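> All I have is the shape, not the residue letters:
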């Protein structure tokens with residue numbers, strides 16, 4: 001698509017340059033000028049040339065020969081081509097081109113050595129006396145997550161922040177003992193037993209939006225539900241699985257898309 005647009009812009013440049021030359025720079029046929037007008041024109045051009053040589057430095061003489069009717073179209077079309085090239089990654093004509101762009105962006109991201117930084121730890125008091133009483137003892141150490149997964153989650157955090165929904169990590173790695181305890185607690189936090197959850201492999205996290213310095217965990221709050229829907233969009237955008245699509249809804253849960261059976265074999 002970029003090639004076709006560049007070709008069209010180049011063709012337009014050529015047309016504008018021809019129009020400028022044909023109607024503004026091309027000499028008038030001698031048959032249409034009287035001898036007197038030719039003589040006056042010659043003297044006028046000579047005076048202009050002498051004045052131009054006095055006004056223009058020697059190193060700018062080539063620029064003096066250009067006419068605005070040629071320079072202006074060249075500048076305008078050049079800026080148009082630059083704009084098209086700059087926006088070419090956002091302009092797609094069909095799904096195949098969109099997929100090609102996404103793959104290229106993914107490769108570029110993978111080759112980028114820059115790593116996203118883990119946010120500062122929130123005060124423990126934020127996780128006490130909230131809708132989930134089990135959070136006080138939850139593990140929120142980012143470094144216990146799979147490194148590649150951690151970077152993906154941090155990317156989701158950054159995009160959610162940009163959308164006005166800052167997030168907090170509620171729980172990352174979860175021990176097998178804690179997994180069994182939560183499954184047997186009856187709090188409808190999880191149905192998975194030990195090693196049936198990707199938390200045990202550092203490949204799942206529970207998060208919640210933050211507003212006015214407080215965790216907004218309950219999806220019954222309209223703003224929190226908006227944030228969870230945005231979380232689902234951003235998580236699926238980077239290839240993660242969102243718990244909001246499960247039969248037992250877990251709106252703040254995101255994890256890698258690989259099946260647990262494949263992960264356990266590694």
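Received, thanks. Quantities reported herein were computed from a predicted structural model and do not represent experimental measurements. Numbering: from 1, shown residues only.

> isn't residue 193 right next to residue 181, touching?
No. The criterion here is CB atoms under 8 Å, and residue 193 misses it with residue 181 at 10.3 Å. Every residue, glycine included, has its C-beta placed from N, CA and C.

> Quick one: residues contacting residue 127.
135, 136, 138, 170, 215 (CB atoms under 8 Å, 6 or more residues apart in numbering).

> List the ones among those residues that fall in strands.
Using DSSP state E, 170, 215 are the members of those that sit in strands.

> Could you save the contacts of residue 127 as CSV and add columns showing pLDDT and distance to residue 122?
CSV is the format used below for the contacts of residue 127 (pLDDT from 0 to 100; distance: CB to CB, whole Å):
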residue, pLDDT, distance to residue 122
135, 94, 11
136, 92, 13
138, 97, 12
170, 98, 10
215, 97, 9
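
> The contacts of residue 127 into a markdown table, with extra columns for neighbour count and distance to residue 129?
Shown next, in a markdown table, are the contacts of residue 127 (neighbours: other CB atoms under 10 Å; distance: CB to CB, whole Å):
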| residue | neighbour count | distance to residue 129 |
| --- | --- | --- |
| 135 | 20 | 10 |
| 136 | 12 | 9 |
| 138 | 18 | 14 |
| 170 | 22 | 14 |
| 215 | 22 | 10 |
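
> Could you point out which of the contacts of residue 127 is nearest to residue 240?
Comparing the contacts of residue 127 against residue 240 with CB to CB picks out residue 170 as the nearest, at 16.0 Å.

> What are the phi and psi values at residue 219?
phi -70, psi -10 (degrees, to the nearest 10).

> Surely it touches residue 228?
Yes. Residue 219 is within contact range of residue 228, at 5.8 Å (criterion: CB under 8 Å).

> what touches both of these two?
Joint contacts of residue 219 and residue 228 (CB under 8 Å, 6+ apart) are residue 251.

> The two - which one has more neighbours?
Ranked by neighbour count (other CB atoms under 10 Å), residue 219 and residue 228 place residue 228 first, with 26 against 18.

> domain parsing for this structure?
2-111, 124-264 (automatic domain parsing).

> circling back: can you tell me which of the contacts of residue 127 is nearest residue 162?
residue 215 (19.9 Å).

> was I right about residue 195 contacting residue 265?
No. Between residue 195 and residue 265 there is no contact under CB under 8 Å: 11.8 Å.

> So for these two, which sits in the more crowded spot?
Neighbour comparison, residue 195 and residue 265: the larger count goes to residue 195, with 15 against 6 (by other CB under 10 Å).

> rewinding a little: quick one: which of the contacts of residue 127 is nearest residue 254?
residue 170 (11.3 Å).
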